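[1] Any chance you could fold what I've pasted below:
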Amino acid sequence: MDRILLSTPELLAGLAEEASELAQAALKYRRTFSNINPTPMTGPEAFEKLLEEIADTELYLDQLFMGHAGRYAHRIQAIKERKLERWKERMKL
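    A predicted model of the protein is given here:
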């Protein structure tokens with residue numbers, strides 16, 4: 001992957017923007033599952049938008065951690081595993 005010549009602060013700003021758009025796309029897709037708060041967007045359209053926002057977010061993450069992903073991968077994986085265990089415990093309630 002090519003390195004985009006943006007500073008770390010600009011990459012962080014872009015990541016925040018894309019993460020916000022990802023959240024909005026997830027919420028829009030959720031609305032396609034019921035008629036409680038209908039949206040004119042169809043389920044497949046909303047899902048495609050969600051995929052697009054995932055890709056945008058991942059691009060910023062890739063740029064931020066380019067060359068350093070291996071350094072942090074084990075830490076991120078450990079955090080994910082800990083959070084997944086906590087999630088499973090909560091689901092037992």
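
[2] how close does the closest residue to residue 19 other than its chain neighbours sit to residue 25?
    Spatially, and ignoring its direct neighbours in sequence, residue 19 is nearest to residue 57 (5.7 Å; Cβ to Cβ, 6 or more residues apart in numbering). To be clear about C-beta, it is placed using only N, CA and C from the backbone, and glycine gets the same treatment. From residue 57 across to residue 25, the span is 10 Å (Cβ to Cβ, to the nearest Å).

[3] and what of residue 13?
    Distance of residue 13 to residue 25, computed by Cβ to Cβ: 19 Å.

[4] Contact partners for residue 66?
    By Cβ atoms under 8 Å, 6 or more residues apart in numbering, residue 66 lies in contact with 1, 3.

[5] picking that back up, tally of neighbours for the residue nearest to residue 19?
    Per other Cβ atoms under 10 Å, the neighbour tally for residue 57 reads 20.

[6] C-terminal to the helix or strand containing residue 64, what's the next element?
    Assigned by DSSP states H and E, residue 64 belongs to helix 43-65. Next in sequence after helix 43-65, counting helices and strands by DSSP H and E, comes helix 69-91.

[7] what angle do that next one and helix 43-65 make?
    Counting by axes from the mean of the first three to the mean of the last three Cα atoms, to 10 degrees, helix 69-91 points 130 degrees away from the direction of helix 43-65.
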